[in-house]
Structures are given as structure tokens and as C-alpha cells.
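Asks: give me the fold of what follows.
(chains A, B, C, D, E and F)
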There are 4 protein chains.
Amino acid sequence: MPSSKLAERGEDPQAKRERRKEARPGELLDAALDLFVEKGYAATRSEEVAARAGVSKGTLFLYFPSKEELFKAVVRENMSGRFAEWEEEFAAFEGSTAEMIRYCLRVWWERIGATRASGITKLMISEARNFPELATFYQQEVIRPGTDLMRRILQRGVDRGEFAPIDVEYGVYALVAPMIFLIMMKHSLGACAPQDYPLDAQRYVETMADLLVNGLCARAEAPRGRA
Amino acid sequence: MPSSKLAERGEDPQAKRERRKEARPGELLDAALDLFVEKGYAATRSEEVAARAGVSKGTLFLYFPSKEELFKAVVRENMSGRFAEWEEEFAAFEGSTAEMIRYCLRVWWERIGATRASGITKLMISEARNFPELATFYQQEVIRPGTDLMRRILQRGVDRGEFAPIDVEYGVYALVAPMIFLIMMKHSLGACAPQDYPLDAQRYVETMADLLVNGLCARAEAPRGRA
Amino acid sequence: MPSSKLAERGEDPQAKRERRKEARPGELLDAALDLFVEKGYAATRSEEVAARAGVSKGTLFLYFPSKEELFKAVVRENMSGRFAEWEEEFAAFEGSTAEMIRYCLRVWWERIGATRASGITKLMISEARNFPELATFYQQEVIRPGTDLMRRILQRGVDRGEFAPIDVEYGVYALVAPMIFLIMMKHSLGACAPQDYPLDAQRYVETMADLLVNGLCARAEAPRGRA
Amino acid sequence: MPSSKLAERGEDPQAKRERRKEARPGELLDAALDLFVEKGYAATRSEEVAARAGVSKGTLFLYFPSKEELFKAVVRENMSGRFAEWEEEFAAFEGSTAEMIRYCLRVWWERIGATRASGITKLMISEARNFPELATFYQQEVIRPGTDLMRRILQRGVDRGEFAPIDVEYGVYALVAPMIFLIMMKHSLGACAPQDYPLDAQRYVETMADLLVNGLCARAEAPRGRA
DNA sequence: GATGAATGAGCCTTCATTCAT
DNA sequence: TATGAATGAAGGCTCATTCAT
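Replies: Got it, this is the predicted structure:
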């Protein structure tokens, strides 16, 4: 930012103020995300969000007409389609489906799980029933594309004979569940008493990937009675 | 009016009242559990809890000194260890560890997942950060015994050569994650738009059990490079 | 009220509280009427209304869900059909129409003008544009019946040859205008500086009645070119 | 960009701006009058006034130190005595006093009632109790001169034997009331539901003038009992 | 001068909690 | 014990006013 300022020398006398104005919504959304994730929707006070963003109460309402709209904006802001990007990556993927799944979970952790974006998932799951309209939105914008992607990966494994012909729908849940679990732990119980959850996320993800891949492959290799 | 009641029958005229009186706290905790699970702590109004329990606002505060204490009582009440019972069942279990795991998950679903007790898990995960002492309590009373049990089961499988020598800590997460995921779905997003989550819990549990058991066994049967 | 208390001796232990509960809405409406008339809708604070009624802020909202609903209730409360009563009186009236008009204005002053009900008229006229739905209501419930009544009286005078065949519509305005004027003075400018408006309402009403009756009759007696 | 303006033409480049600058206060007062009349003092937002005048919020406060001062300025600005002018007209009037009254009301309608100046009357009556000093001012600057003028006209009629020897004080009210009534209707209830008040102001004024003149004259021509 | 982003006092409204009955 | 009317602290939101640009 200092560099961009240098490049503008003398022009646009309102630059600093303008820049702030444009930055405000983002700063507020940032502050709001943290607080909503940390304390929940109801326990987060508007004034607190404003304070954390370094502005006064009134300024918040200059950019978001209500606390509810702020909440919605937080959710929308942090979900913007990362799926297009992923779709491409996976369409171009050449390795085995087992590798794909490992890559997929690893990347998910890096881009979502380890970032503040994971807070959105926690938010949605905690508050869904108070914001049904948002839940629908989230379902369409995040969950559907995400599960579609996973479904296609699993199907690829089945089609190529790498995996046993499992029920793909439930296979998707098997992939998603450990990720959701990790997020929920990170943002709720794990955040209260980290010492009780000495969880190395990286290793957690790898282990889950191994286990799932093994589970999926094993059935392809050694199909047995249902057990 | 009390006199007319007296004439009613030979039984103690206060019996019904007494019965109700003793049942009050339980009825209130029941009502509170439902509402807290459905709407979250903050969005649940004391009066609504009282109304659902069929008493007046004042009566609620006769039994629980504050909303916060009510919440804590709800959680504590429903956490009561079923682990002693389970410990015995599993100590006496004679079959393979794979069967144990399948049995374990099935039983968990029947006794926790499918019942209102699952609401407690949802509550804890959603509200943990606002009730850290409860979270600690929950960690000690529920999570630790539960994971200990699972750990012992997994260890049994490893010791008996049924499973590959996996990291048991993470193996526990692999077992827990799908259960937690199922609960969260059931109580949040899944409750908003059931049609978007056409999930047959029974089958979900079986599928997860299969997949996990396969994953765990596969490694014992066919240890390979990394998997 | 003391007498009614005496008559209830010993019965209904909640009598006092009950009675208060039933009296509350009325007390609040009373307080609100005064304040709305005195300060206008916006400048009247909810807490002030409550305080004047001798209760706390919260109690007001126990009886009226919002300030706006309180305002509407104030208007409605003070308009309850006095017209049925008047209709009868005037249907049974036997004297000359001139006497009718004098009686009408005198009675209006006693029952409306001199009472707090006149404040409603001031309120409606001052706030009509901010409460269009109320304005419609007032138009239908008060203005229409009132003007209908006056119209019939004037028509009677014309039909019986007591009055010149004036345009009855405008004749109604001629009767109403001095009353509205009196109310507005009483509640606005006149309330600020009574010494500047040493107005004897009784005499004002009589004088207006005389003048109007003369004006109406004169034309019947001595019809001239239009001037 | 200023340079391109400079090149435009030979005239003072600041002329337009200067002109606007000087016009500002007037434009603001105009906008404010409309809004205050329409919505009342409290419900009129400063920003809306500025917007209607085509300037920014800040500019409004450049010319008027506060909303209250703006309101006072609006009232004062529009009260400017037209009475000197009228005094002259009436001093030179040669016809009958009846004609004078008709002329007076007609002129009042043309110069006040039909113009935005009538809004001031509506404002004063609606807001008087919140601005007592303005009310006093209005009383002195408008009401006193106005009623003095009317009083002199009525007195002339009585002195010349045209009118009965009525109580001139109350006679003045008889003249004023229909005008005030017309204004209040126009700006409040009548503005909400014009279809309910199909009032032809021109004709209304003429009719009132007729009725009043008849009422006043009748008593001179045909003095009877009390009527 | 003009702008409009920022401020924060103030008000409406909610709801956990109290307490007279 | 049970009730529910009453309370008042707390928090969302508005808008007159300020001031850096």
C-alpha cells in the first residue's frame, strides 16, 4: 500500500479518504467474520464489530443497513466461487483418483480449512435455522457445487475400476465429514481448550485421506460379502 | 374451588399436583433442550421455554435461577454417562473388532444420534465458545470417555492384527467425524431444507462403518508404500 | 372506586392487580393523548408516556406493540361513535333548523371541543401526512359521519324554507370551519400564549352560531342578486 | 478541468457559481418549507432538504447552523409582512364594506392561500408548541397585524351602518376561521385523500364570503330578537 | 466554499428477571 | 408454589452535526 501511494503522488486530493471508503466494507466484513465466528450471531454487538474495524457504530450502518444484512454479506463475501478454479484443476488432473482425493483434501485444507473462510462453515451450521434463506443460498452456492465436484471424483474412481462400486452419494459424505468435523472442532470446542485437542491438522488430513482411499480401494481390490 | 376437587375421589387430592411438581424440572429441561437446539441459546426466549413446558414464566425461574443455569442444566442433564454401560458391553464383546466397530456405530446411532441426546452435541458445538466452562465439562464427561472407548477398540484391532498399525488418535477422529457430521446436518442445514439432504441415516451409518472398517482392514491385509 | 372495592370484600385475591391491569391501557392512552397533542408524534418519547402513566418503559410495550400502534390506538380510542347518539338527538329534534344548528354547535363544544377529544382532531390534522392509513380511517369514521349529519341538518333548513337554497356541501364547511379553527387555536398557538388569545369559547361558539344562522336565513328572507 | 472552464467564454468564469452561491440560502429555505409542511419538523431529514435543494448535507449546515435554525429561518422568511401593502389597498378602498370583505378574502386566497406561503400557517399551527418563541414572533408579526386589519374592516362596516353592531373581536374569528380551515385541509387530510375532499377553493372562498357578508348584513337590515 | 464520510447521543424495543398476589 | 404484570439494562438503528479533504 505504501508503494501504491507513492505511485499516485499529488493526484486526486481525496485519495486517502476515497481509499478508506472503499476499504471500509472489507474491513467491517473482516471484523464481523471474526466476531460472528467467535461469539455467534446474537452475542456479537454491532458496536463491537465497528470498534474492531476501527470505526464508530454509525459507520457500520453506513455500509450495511442492518446487522442481519451484515451477517449475510459476511457469508456471501467469503464464499465467492472457488469452485470454478477447482473444477478446472480437477478436469486437468492426470493421476490416479486416489491421488486426486488426497490432493483434493490437502488443497481444501490449505484454501479453506486453514483460512478464515472455514469460519463461514461454522457460522452457517450454527445459525442456519435462524437464517433459512441464507441456508438455501449456502446450499446452492457452496454445498451443491462442492458435493457435485466430489461426486464426480468418486465416480471417476469407480469408472476407472480404482474404487469399488460404492454408493457415490454416501461416499461424498465420507469425504466431507472429516473436513466439517475438523472445522467445527477448530472453531468451537477446540478453540476453548486447545490443549485437549492436540490436533495436527496437516497430519489429520493426510490420515483421513489415507483411510478413505484405502477404504474405497480395498473394496475394489477385495470385494467381499458386505462386511 | 379447591373443595370441589377434594370431593372428586378417594385418592390424595394433591397427588396430581405433586406428580407434576416433581416432573416440572424435567419438563422444563425437555422443552429447553428442543428450543436451544432449534434456535440456539440467544434466540431462545425464557418465556417460550416455559410455555412449551406448560408453565408460566415465573415458574421457570423457580427451578432455574437464570437462563444460563437452565442452559447448563440442559447440557449436564443430557450428558449423563452411558459409558459405563458401553464399557461393559464392549469388554464382553467376543467378535472381531470390525464387527465391534459396526456395532458401536449402530448402537451410537440408536442411542444418541437418533434421539434428542444428539441435540446436546449440536448445542455444545454451536455454543461452546460462549460457555467455556461447559465445554470443559463436556470434554471431560463425554468426549474423553468416548474417545477413550474408541481408542481402546481401535487398539484392540491393531493388537489382534486385524487393523494396520495406524495412529490410533487419528483413527478415533475417523470414527467420530461421520457421526458428528450426521448430527450437525440433522440439526442445522438438514433441518432447513430436508429435501436437499435426502439422507437415510441408517444407511449412512452402515456405509460409513463399511468404509472405515475396510480402510482399517485394508492396511492390515495389504500394507503398501504409503497407504 | 372505593365503593366497588367495598362490595368485593375478601373475594378475588388478585383484584387490585387485575384492576390495574385492566386500567393500564386506558391510563397509557390518556397519557399518550396528552403528550402527542402537546408535543407531536415524533417529539413524544415512549418512556415519557410510560412515566406519565406511572409505569416503566417496558410496561408500555406490554400493552402496545409499538409507538405507532400506540398512536393509532389513541386516535381510535377517542373517536368511538358518538354519532349514533347525535343522529338520534337530531332525528327527534322538533324546533327550527336555526335552533338545531345552535344546539348542534353548543353540544359539539361541550362534548368534543371542551374535552380532550379535541386533541385528536389536532393530532390528525398535524400528523395526517405521516399516517395516511390513519387519515383514511379518520375520514371514514369521523369526518364522513360528521359531515353527513351536518349536511342533513342544512338540507332540512333548505327543504323547510328556513334557509336559502345554498350549496349544502360548502355550507357544511361553513359550520365545521369555526370549530376546527377553535380546536387548532386551543391546541397550538393558543396554548403557547393564552394571553394573546383571550377567547371565551362559549361566547365564540354562540357568536359563530348566530352569524352562520343569520347568514343562512338572510338569504331565505331577502334573496338578492348574488352580492 | 478548471482551465477548460476558463476558456469557455469572455464572462466571469465564477459568475454562475457566484449566482448559485447567493441563491443557495433561498433554495434551501424553499426546499425546507416544502418538506417541513409535508412531513412536519421532526420527520424532515436534513439530508433530504439538502438533496432537494441540490446540494450536499454539509452545505446546508454552512448556511444554517442547525436544523432548528433552519426551521426558524423558514418561518421568518415567509412571514414577511405583506400588511403594509394591504393596509394601503384597504385605506384607499372606496366600495362597500361587504365588497371589501369579499375582496379581502379573494386576495388572501390568491396571495396566501393558493401559494406556498400557506404552508407557513400550517407549520405554525402544527409545530407551535415545540417552538414557542416562533409562535410569539408569528403572533406579533402576522396574527396581530392581520387581525388588526380585519378588525378595522369590520369596524368600518359597523360604523357605516352596513353591519349590525356585532362584537368585532369575534367577527374577526369568523372571517379567519374558514381561511385557516382551508389551509389545514389543503396541507393535511386533504393532501392524503384529495378524492374525499373535492373542494374548489375558489368557490369555497366565494361561498364563505357570501355567507359571512350575509350574516353580518342581515343583522343590520333585520335586527330581530337574538337571531 | 462544498463535499460526504464519520461520529455518537438519543430513542425504540426486547427480554431476562423480580415480586406482589 | 405458581402466576404474570412490571421492570430496566442492553442493544439495534437513526440522523443532526462535524471536519478533513
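
Asks: wait, A:Tyr197 touches A:Gly190, no?
Replies: Yes - here A:Tyr197 lies in contact with A:Gly190, judged by C-beta atoms under 8 Å, at a distance of 4.4 Å. Just so you know, the C-beta spots here come from the backbone N, C-alpha and C atoms, and that holds for glycine as well.

Asks: give me the more crowded residue out of these two.
Replies: A:Gly190 (20 against 15; other C-beta atoms under 10 Å in any protein chain shown).

Asks: for chain A, what lies in contact range of DNA strand E?
Replies: Proximity of chain A to DNA strand E, by C-beta under 7 Å from any atom of the strand, involves residues A:Arg17, A:Arg20, A:Lys21, A:Arg24, A:Ala50, A:Val55, A:Ser56, A:Lys57, A:Gly58, A:Thr59, A:Phe61, A:Leu62.

Asks: so the second one is in which element?
Replies: Secondary-structure assignment from DSSP states H and E places A:Arg20 in helix A:15-39.

Asks: gap between that helix and the chain center?
Replies: 19 Å (C-alpha atoms, centre = their mean, to the nearest Å).

Asks: is chain B within reach of that helix?
Replies: Yes - part of helix A:15-39 sits near chain B under the criterion C-beta under 8 Å from any C-beta of the partner chain, namely A:Glu38, A:Lys39.

Asks: outside of that helix, which residues touch it?
Replies: A:5, A:8, A:12, A:44, A:48-50, A:52-55, A:59-60, A:62-64, A:70-71, A:73-74, A:77-78, A:116, A:119-120, A:122-123, A:187, A:191, B:129-130 (C-beta atoms under 8 Å, 6 or more residues apart in numbering or on different chains).

Asks: pLDDT on it, on average?
Replies: Here helix A:15-39 scores 85 as its mean pLDDT.

Asks: same check on stretch A:140-150?
Replies: 91.

Asks: next one: stretch A:73-83
Replies: Here the average pLDDT along stretch A:73-83 is 85.

Asks: can I get it in PDB, CA atoms only?
Replies: The C-alpha coordinates for stretch A:73-83 follow below in PDB (Å, rounded to 0.1, in the frame of the first residue of the first chain):
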ATOM      1  CA  ALA A  73     -22.700 -10.100   3.500                       C
ATOM      2  CA  VAL A  74     -20.100 -11.800   5.600                       C
ATOM      3  CA  VAL A  75     -21.400 -15.200   4.400                       C
ATOM      4  CA  ARG A  76     -21.600 -14.200   0.800                       C
ATOM      5  CA  GLU A  77     -18.300 -12.400   0.700                       C
ATOM      6  CA  ASN A  78     -16.400 -15.400   1.900                       C
ATOM      7  CA  MET A  79     -17.800 -17.900  -0.500                       C
ATOM      8  CA  SER A  80     -17.300 -16.400  -3.800                       C
ATOM      9  CA  GLY A  81     -16.800 -19.200  -6.300                       C
ATOM     10  CA  ARG A  82     -13.600 -21.000  -5.700                       C
ATOM     11  CA  PHE A  83     -15.300 -23.900  -7.400                       C
END
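
Asks: which outside residues touch it?
Replies: A:25, A:29, A:32-33, A:36, A:64, A:111-112, A:116-117, A:119-120, A:123-124, A:134, A:137-138, A:141-142, A:145-146, A:149.

Asks: just the buried members of the contacts of helix A:15-39?
Replies: Using 16 or more other C-beta atoms under 10 Å in any protein chain shown as the burial test, those include A:44, A:48-50, A:52-53, A:55, A:60, A:63-64, A:70-71, A:73-74, A:77-78, A:119-120, A:122-123, A:187, A:191, B:129-130 as buried.

Asks: excluding sequence neighbours, find me the nearest residue to whichever residue of chain A sits closest to DNA strand E.
Replies: Closest residue of chain A to DNA strand E, C-beta to the nearest atom of the strand: A:Gly58 (1.8 Å). Leaving aside its chain neighbours, A:Gly58 sits nearest to A:Ala50 (8.0 Å; criterion: C-beta to C-beta, 6 or more residues apart in numbering or on different chains).

Asks: and the pLDDT at the one you found?
Replies: Model confidence at A:Ala50, given as pLDDT, is 97.

Asks: that one reaches A:Ser56, doesn't it?
Replies: Yes - the criterion here is C-beta under 8 Å, and A:Ala50 meets it with A:Ser56 at 5.9 Å.

Asks: hmm, B:Met208 and A:Asp167 touching each other?
Replies: No - with contact defined as C-beta under 8 Å, A:Asp167 does not count as touching B:Met208 (11.3 Å).

Asks: which of the two has more neighbours?
Replies: Taking other C-beta under 10 Å, A:Asp167 and B:Met208 do not tie; B:Met208 has more neighbours (26 against 12).

Asks: the host helix or strand of that one vs chain A: in contact?
Replies: Using DSSP H and E, B:Met208 maps to helix B:201-221. Yes - residues of helix B:201-221 contacting chain A under C-beta under 8 Å from any C-beta: B:203-204, B:207-208, B:210-219, B:221.

Asks: I'd assumed B:Cys192 was in contact with A:Pro132.
Replies: Yes - if you go by C-beta under 8 Å, A:Pro132 and B:Cys192 touch, sitting 4.9 Å apart.

Asks: can you pick out the residue with more neighbours from the two?
Replies: B:Cys192 (20 against 13).

Asks: measure the spatially closest residue to the more buried one that is not a sequence neighbour to D:Glu169 for me?
Replies: Spatially, and ignoring its direct neighbours in sequence, B:Cys192 is nearest to A:Ala135 (4.1 Å; C-beta to C-beta, 6+ apart). Distance from A:Ala135 to D:Glu169, counting by C-beta to C-beta, to the nearest Å: 72 Å.

Asks: show me which of the two is the more surrounded one.
Replies: Neighbours per residue (other C-beta under 10 Å) separate A:Ala135 from D:Glu169, with A:Ala135 holding more: 24 against 16.

Asks: other residues contacting stretch A:50-59?
Replies: In contact with stretch A:50-59 (C-beta under 8 Å, 6+ apart) are residues A:Arg24, A:Glu27, A:Leu28, A:Asp30, A:Ala31, A:Ala32, A:Asp34, A:Leu35, A:Ser46, A:Glu47, A:Leu60.
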